[in-house]
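Participant: Quick one, structure for this:
(4 chains)
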Number of protein chains: 2
Amino acid sequence: MDIQTLKTFIKLAETLHFTKTSEQVLMAQPALSRQIKQLERSVGAELFRRNKRNVALTKAGAYFKEAAQQTLDQLDYAISRTRQIHNGEAGEIRIGYTHSIVQTILPEIIKEIRSRFPDVRTILREMNNNEQYKDLTEQKIDIGFATNPVVPKNLKSKIFFEDVFVVVLPKDHPLLKQRFRDLSAFSNETFILPHEIEGSGYVHTVESICLDAGFFPNVVHHTSSVNSAFKLVEAGLGITIEPKGSLAGQNLAIKFIELNKIPQKAQSVILWNEHTENEHLPILQLIRKIINS
Amino acid sequence: MDIQTLKTFIKLAETLHFTKTSEQVLMAQPALSRQIKQLERSVGAELFRRNKRNVALTKAGAYFKEAAQQTLDQLDYAISRTRQIHNGEAGEIRIGYTHSIVQTILPEIIKEIRSRFPDVRTILREMNNNEQYKDLTEQKIDIGFATNPVVPKNLKSKIFFEDVFVVVLPKDHPLLKQRFRDLSAFSNETFILPHEIEGSGYVHTVESICLDAGFFPNVVHHTSSVNSAFKLVEAGLGITIEPKGSLAGQNLAIKFIELNKIPQKAQSVILWNEHTENEHLPILQLIRKIINS
DNA sequence: CTAAAAAATACTTAATTTGTATTGATTAAT
DNA sequence: ATTAATCAATACAAATTAAGTATTTTTTAG
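Facilitator: I've put the predicted structure just below:
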């Protein structure tokens, strides 16, 4: 049984006229007659009542017309939905991200994906860099947003945002009154290292900043969130080094000094697995457009 | 796009093995490869990811498999339901009947139809003989049960039950004490004619019974139901002539005398239109079996 | 009573699909 | 490391299937 045959049957059931229908579907009348007869045989029911001149639907035919129409509608929907999924216009995209990305560009990306691809469900999961490597490799997520990652060679990556590091100090810190020259002035301070991101080069990057200034940081606190690190700084328990963007929107008694002369930067990186199905290409392109603007 | 192709696709989506699937569906492997490729073209999406040795479903393919399965299930159901309707095993049958049939065989017939053809919806409508002729001709009902009908020649009919007429009298009627010879004894009585059934020969039949006895009945009341006729008889307002079966189950102060010598009988007749679709043939056959037993 | 119309047949032609043989490429085994 | 085996794709010929043309039959309209 052919789909086209069902469509033709429905046309015939509407016109109840073999000749007219055969013209509409661009085939010869005898071919139509045979096709319908064969359909009736394969369904196992008389669908039309013919009396040499008039054609009428039987009860069975009337029912089958409605049912076939429904079936075809369902199939049409399935096909277009399948095509959408193929084109990355539907389905779902699973995104892993580190906490700090939420502070920067992730909300905008999600908003854009939702408006451009309304049929795509975005599944978000906060995870550290290591987990992103693993899930990308196992194709459990489609895109990762990592922070200062050490990218495994089986994954592709692109830095899309770089931020300068700043030294964060309580607002009454004595060194704020002097002109800042370099980080060595803080060699005797106690350090609060921001959120420990496993598998990232983040901690290592901060350490290397200090080492470049000639000392190894005396870390006394590890915090899980940026804000709690700032709270500790405000309370005078130490100082910290953070990307400048982290300070946005807080209202604490802290000050910062930009480290714009050092080579280290806080990097936001997008990660993907090029062996994953390329359905998400349109979304990757969209993201590329956003992060380049 | 062919239905068989969809079935084959689903098999392949399950085995993920062209060669095995081709054996299962009894076709050569290259044919299967081509068929699937053509399916992918007509759907407009890559359904399988092949890398020269392994076959895997794409996201789109996984979705399409589920959707196609649903579609095929729906079509299967539609086909079997269509076939059922064709065979008279499903759908609906519309039955018209006169009041007096309810007294006799109709309940049994309905019960049997329901148990033998559970998927057939029985639509019952009480109507007089004339209405049955009209609705049968216009194919608004499928079967009619009429009482003493004058059958139009475009309809088929079969008498399935004959009842003797009885004269119904109040239990203290003087003539009950004498031996009954013939109806002429009641020539001076006032008559209550039972329910007026339009278009039937019913009234005419009763009249002819009296005429055969040598008088024309003096009708003073027309009643719509058998029971109210009996009530009037009980109250002494007159006598009536009814089929014997009508007396079943009543508990009034009335008596009856059988008219078993006269040729007139109360006839229950089944009517149908042979130009109607023959889907109801199995039901007609069932009814025939019931009324012959 | 004739002509037109509408669906079904008969027969030929065209198109599509299938199968066989083969290729290319990858994995497993000796 | 080389060979054998496995698996899907390609090429071409064969067969099946469906389509078209011409014709027939029956019914309705003028």
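Participant: quick one: the top helix by length along chain A near DNA strand C?
Facilitator: In chain A, ranked by residue count with DSSP state H as the criterion, the top helix is helix A:59-86. No. Residues of helix A:59-86 are not located near DNA strand C by C-beta under 7 Å from any atom of the strand, the shortest gap being 12.4 Å. Heads up, the C-betas are built off the backbone N, CA and C, glycines and all.
Participant: quick one: buried residues of the one helix or strand residue A:203 maps to?
Facilitator: Using DSSP states H and E, residue A:203 sits within helix A:202-212. Residues A:202, A:203, A:205, A:206, A:207, A:209, A:210 are the ones in helix A:202-212 that count as buried (16 or more other C-beta atoms under 10 Å in any protein chain shown).
Participant: List the contacts of that helix.
Facilitator: The contact list for helix A:202-212, computed with C-beta atoms under 8 Å, 6 or more residues apart in numbering or on different chains, reads A:147-148, A:165, A:183, A:187, A:191, A:193-194, A:196-197, A:216-217, A:241, A:259, A:262, A:264, A:266.
Participant: In strands only, show me the residues you listed.
Facilitator: A:147, A:165, A:191, A:193, A:241, A:266 (DSSP state E).
Participant: Tell me the one among those nearest to chain B.
Facilitator: Distance to chain B across these (C-beta to the nearest C-beta) is lowest for residue A:147, with 28.6 Å.
Participant: these two touch, right, the closest one and residue A:270?
Facilitator: No. Under the criterion of C-beta atoms under 8 Å, residue A:147 is not in contact with residue A:270, lying 11.2 Å apart.
Participant: got the residues of chain A near DNA strand C?
Facilitator: A:16-19, A:29-30, A:33-34, A:36-37, A:48, A:50, A:52-53, A:55.
Participant: Which ChimeraX command selects the buried ones in these?
Facilitator: Buried members of the residues of chain A next to DNA strand C, identified by 16+ other C-beta under 10 Å, are gathered into one ChimeraX selection as follows:
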select /A:18,36,48,55
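Participant: Of the residues of chain A next to DNA strand C, which one scores lowest on pLDDT?
Facilitator: Within the set of the residues of chain A next to DNA strand C, pLDDT is lowest for residue A:52 (69).
Participant: and the ones in strands among the contacts of helix A:202-212, which two are the farthest apart?
Facilitator: A:147 and A:191 (18.5 Å; C-beta to C-beta).
Participant: who's more crowded, those two?
Facilitator: Taking other C-beta atoms under 10 Å in any protein chain shown, residue A:147 and residue A:191 do not tie; residue A:147 has more neighbours (24 against 21).
Participant: Kindly provide the distance from the more buried one to DNA strand D.
Facilitator: Here the criterion is C-beta to the nearest atom of the strand, to the nearest Å. By it, residue A:147 lies 41 Å from DNA strand D.
Participant: Mark which of the contacts of helix A:202-212 are buried, thanks.
Facilitator: Of the contacts of helix A:202-212, these count as buried by 16+ other C-beta under 10 Å: A:147-148, A:165, A:183, A:191, A:193-194, A:197, A:217, A:241, A:259, A:264, A:266.
Participant: Start and end of stretch A:132-145, how far apart?
Facilitator: Start-to-end span of stretch A:132-145 (C-alpha to C-alpha, to the nearest Å) is 8 Å.
Participant: in that stretch, what's buried?
Facilitator: A:132, A:133, A:135, A:136, A:141, A:142, A:143, A:144, A:145.
Participant: Report the spatially closest residue to residue A:19, excluding sequence-adjacent ones.
Facilitator: Nearest residue to residue A:19 in three dimensions, chain neighbours excluded: residue A:29, at 5.2 Å (C-beta to C-beta, 6 or more residues apart in numbering or on different chains).
Participant: so who does that neighbour touch?
Facilitator: Counting by C-beta under 8 Å, 6+ apart, residue A:29 touches A:18, A:19, A:22.
Participant: what's the spacing between it and residue A:260?
Facilitator: Residue A:29 sits 83 Å away from residue A:260, going by C-beta to C-beta, to the nearest Å.
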